[in-house]
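Q: no sequence for this one, just the structure:
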């Protein structure tokens, strides 16, 4: 089964979604074994309120974000296309993010990367969890590039003209020097929602 086919068959994740995500990434040769990569640290840092309670987002929404990541990985190899927002036509960076959230969560994020930053919640880099957004200054302005964090200090994105959707390490010098924000999509905080698109295997072909 290819990564694309696997993503097409994903349904909302169980409580063990983070383990399944780690296994999936390892099976596809995208990361080290779970014990050496995602499994060596908690999948995310819960947000703790002043009264000591754990924020609802960390308890209820993260499994769905893990399904989002696996679905996004199904787009690996889709070519970059400026203004593109579909696997059939190609993606630019923000179109890739917008399509993933729309198809899995039914959430309509803004179309432009800087507007996606404005519509989401700022978090510390240490709080990053699979499904959060990472932003970079690649054009001499803040929030000019965006990708989806997948864990293990890596993200998936549609990088540039002539390239294809791929996984990158945030530790690479190019990205480390341009990183300028980690942000989180709070599902309950977004009011513009559309029904999640069916994930049809026949629409996702190996590239």
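A: That came through fine. Keep in mind that this is a model prediction, so the values were computed, not measured. Residues are numbered from 1 along each chain as shown.
Q: residue boundaries of the strands in the protein?
A: For the chain, the strands defined by DSSP state E occupy 85-86, 90-91, 121-123, 133-136, 145-151, 154-157, 166-169, 179-184.
Q: May I see the ones you listed arranged in a markdown table, with mean pLDDT and mean neighbour count as well?
A: (C-beta placed from N, C-alpha, C; glycine too.) A markdown table is the format used below for the strands of the chain (pLDDT from 0 to 100; neighbours: other C-beta atoms under 10 Å):
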| stretch | mean pLDDT | mean neighbour count |
| --- | --- | --- |
| strand 85-86 | 94 | 16 |
| strand 90-91 | 98 | 23 |
| strand 121-123 | 97 | 14 |
| strand 133-136 | 98 | 25 |
| strand 145-151 | 97 | 26 |
| strand 154-157 | 98 | 24 |
| strand 166-169 | 97 | 16 |
| strand 179-184 | 97 | 19 |
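Q: Please convert the ones you listed to CSV, extending it with distance to residue 111.
A: Output for those, formatted as CSV (distance: least, C-beta to C-beta, whole Å):
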stretch, distance to residue 111
strand 85-86, 7
strand 90-91, 12
strand 121-123, 19
strand 133-136, 14
strand 145-151, 11
strand 154-157, 16
strand 166-169, 22
strand 179-184, 16
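Q: residue ranges of the helices in this structure, please?
A: 3-8, 17-27, 56-60, 62-73, 93-105, 113-118, 173-178 (DSSP state H).
Q: I'd like to know how far the residue nearest to residue 75 when sequence neighbours are not counted sits from residue 182.
A: Distances taken as C-beta to C-beta, 6 or more residues apart in numbering place residue 165 nearest to residue 75, at 4.8 Å, with adjacent residues excluded. Distance of residue 165 to residue 182, computed by C-beta to C-beta, to the nearest Å: 20 Å.
Q: one step back: residue 112 is nearest to which of the strands of the chain?
A: strand 145-151 (9.4 Å; C-beta to C-beta).
Q: Name the strands paired with that closest one and say parallel or antiparallel.
A: Partner strands and pairing direction for strand 145-151 (DSSP bridges) are strand 133-136 (antiparallel), strand 154-157 (antiparallel).
Q: Looking at the strands of the chain, spot the one closest to residue 98.
A: strand 85-86 (5.9 Å).
Q: What are the contacting residues of the closest one?
A: Contacts with strand 85-86, where a contact means C-beta atoms under 8 Å, 6 or more residues apart in numbering, come from 91-92, 95-96, 98-99, 111.
Q: Let's see that with 6 Å instead.
A: 95, 98-99 (C-beta atoms under 6 Å, 6 or more residues apart in numbering).
Q: Let me have those residues in CSV, extended by distance to residue 106 and neighbour count.
A: Below are the contacts of strand 85-86 laid out as CSV (distance: C-beta to C-beta, whole Å; neighbours: other C-beta atoms under 10 Å):
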residue, distance to residue 106, neighbour count
95, 17, 22
98, 12, 22
99, 12, 22
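Q: closest to residue 187 among those?
A: Nearest to residue 187 among those is residue 98, at 15.1 Å by C-beta to C-beta.
Q: quick one: the residue nearest to the closest one when sequence neighbours are not counted and residue 99, what's the gap?
A: Take residue 98 and drop its neighbours on the chain: the residue closest to it by C-beta to C-beta, 6+ apart is residue 109, 5.0 Å away. Distance from residue 109 to residue 99, counting by C-beta to C-beta: 9 Å.
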